[in-house]
Every structure is written in structure tokens, then in C-alpha cells.
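S.K.: Attaching a predicted model along with its sequence, questions to come.
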Amino acid sequence: MTGTKTIFKKIIDREIPARIVYEDELSLAFYDVAPQAPVHVLVIPKREIPSLAAATESDQQVLGHLLWVIKKIADDLKLDQGYRVVTNIGQDGGQSVHHLHFHLLGGRQMKWPPG
Ligand code: 5GP
């Protein structure tokens, strides 16, 4: 199983380092290694869910929890001017790590539509 671990599972298991900003029994949040904004945090479930598309009804609680964690981190980081939350799903969504994650982006004016 070790050979199939995603990079995020390795961060959860403390096999590779990350700048962790928040952790609880269900979730982990850490700074993105290639930030796209002054604040770029990734919020992930400890449970291995490959993407939002792979979530099941039994994941409802953790999905809601992740959004609550994002809100708390945004408050802690004083993103008072606003921020963006993104989850990329599959090939068309541009997902590169197949462990569900929400990008919390802030600290600059976001543009729309995204690329
Ligand atoms: P995705 O493209 O799947 O939506 O987002 C994956 C994100 O994970 C990217 O923003 C990428 O920079 C970030 N990332 C990839 N590898 C690592 C890593 O080893 N550590 C951290 N902190 N972020 C990573």
C-alpha cells in the first residue's frame, strides 16, 4: 500500500514535512508548496477520499466539517477582505493530487473566470 500513497497521505502520516496551520481528528490544513496567492492553504480530510466526485453519503459530515475548518482558518489568518475556496476534480478540473483538498486562497484580488 505504501507505494500508492498520495503526497497528501504522506503529509498526514508525517513522512514528508509541511507547514501545518490546523489539525483535528478529521482534517489537516497546511500551506501549499507552490502558492498562487499570498495565502494559499490546502485543507484535506484525513480520510482518503480521492476527490469530491468520489465522496459518498457517509462523507457528508467530514465535507461539512472541512468547510467549517476553512472558515475558521480564514478568520484566524484575518482574510477580512475575502478569499476564494476551490476544489479541482478530475482531469477537466485540473486535479493533480488525488486526495480531496480545498484550496483556500487569499491576500489578493481574485479574477473571474479562472483559467
Ligand atoms: P490540485 O492541482 O490537485 O488541485 O492541487 C494540488 C496542490 O498541491 C497544488 O497546488 C500543489 O502546489 C500542491 N502540492 C503538491 N505537492 C505538494 C507538497 O508536497 N506539499 C505541499 N504543501 N503542497 C503540495
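M.R.: Noted; the coordinates are in hand.
S.K.: what about the helix or strand encompassing Lys9, near the ligand?
M.R.: According to DSSP states H and E, Lys9 maps onto helix 7-12. Yes - against the ligand, helix 7-12 shows contacts by Cβ under 6 Å from any ligand atom at Ile7. Heads up, the C-betas are built off the backbone N, CA and C, glycines and all.
S.K.: So for Met1, what's the pLDDT?
M.R.: On the pLDDT scale, Met1 is placed at 48.
S.K.: longest strand anywhere in this protein?
M.R.: strand 39-45 (DSSP state E).
S.K.: Check which helices and strands the next helix or strand after that strand sits against.
M.R.: Counting by DSSP H and E, the element after strand 39-45 in chain order, helix or strand, is helix 60-76. In terms of contacts (3 or more Cβ pairs under 8 Å, 6 or more residues apart in numbering; DSSP states H and E), helix 60-76 is packed against strand 20-23, strand 27-31, strand 39-45, strand 83-86, strand 102-106.
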